[in-house]
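Trainee: show me how the following folds:
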Amino acid sequence: MEKRVINTKAAPAPIGPYNQGIVVNGTLYISGQICIDPQNGTLKNRDIQDETHQVMQNLKVILSEAGMSFNNVVKTTIFITDMNQFSDINEVYGKYFNGDFPARETVQVSALPKFVNVEISMIAVE
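Mentor: From the prediction side, this is the model:
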């Protein structure tokens, strides 16, 4: 098994015992990202759209560090604390893809790390 750890200073440092991403045999598994601004470590959660943009930007730089882009994403998981925010999250999320959308599920949960409103993880292939 070929395994490569992906970590970049352009994305928030992990807040626990995990890596931002792992590539195994050409498949990238990205840990769930929240709206931490990697420049100063603060939460960028003025509103749900701002929060979702920061999450997507964090995912984008991890993809880039692995030599990939959103075009390589085949699966995402979105965790949200309020299903009423689904359409706003979906609107922002959709802008990061060129119509070739990955498979996805969206799950409402009672709480997320740092009490944010949205967390997204991804799987991408080379």
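
Trainee: show me where the protein has its strands.
Mentor: Along the chain, counting by DSSP state E, strands occupy 3-6, 21-24, 27-33, 73-80, 103-108, 118-125.

Trainee: relative to the whole chain's centre, how far out is the lengthiest helix in the chain?
Mentor: Longest helix of the chain, by residue count under DSSP state H: helix 48-65. Here helix 48-65 is found 6 Å from its chain centre; the criterion is CA atoms, centre = their mean, to the nearest Å.

Trainee: packing partners for it?
Mentor: Packing partners of helix 48-65 (3 or more CB pairs under 8 Å, 6 or more residues apart in numbering; DSSP states H and E): strand 27-33, helix 86-94, strand 118-125. Just so you know, the C-beta spots here come from the backbone N, C-alpha and C atoms, and that holds for glycine as well.

Trainee: most packed of these?
Mentor: strand 118-125 (a mean of 21; mean count of other CB atoms under 10 Å).

Trainee: who does that one pair up with?
Mentor: Strands adjacent to strand 118-125 in the sheet, as given by DSSP bridges, are strand 27-33 (antiparallel), strand 73-80 (antiparallel).

Trainee: and the angle from the longest one to helix 48-65?
Mentor: Orientation check (axes from the mean of the first three to the mean of the last three CA atoms, to 10 degrees): strand 73-80 against helix 48-65 gives 150 degrees.

Trainee: report the buried residues of stretch 16-28.
Mentor: Across stretch 16-28, burial judged by 16 or more other CB atoms under 10 Å covers 20-23, 28.

Trainee: just put the residues you listed in a markdown table and tack on distance to Ala111 and pLDDT.
Mentor: Shown next, in a markdown table, are the buried residues of stretch 16-28 (distance: CB to CB, whole Å; pLDDT from 0 to 100):
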| residue | distance to Ala111 | pLDDT |
| --- | --- | --- |
| Gln20 | 22 | 98 |
| Gly21 | 24 | 98 |
| Ile22 | 25 | 98 |
| Val23 | 30 | 98 |
| Leu28 | 27 | 98 |
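
Trainee: which two of the residues you listed have the greatest separation?
Mentor: Largest separation among the buried residues of stretch 16-28 by CB to CB: Gln20 and Val23, giving 11.1 Å.
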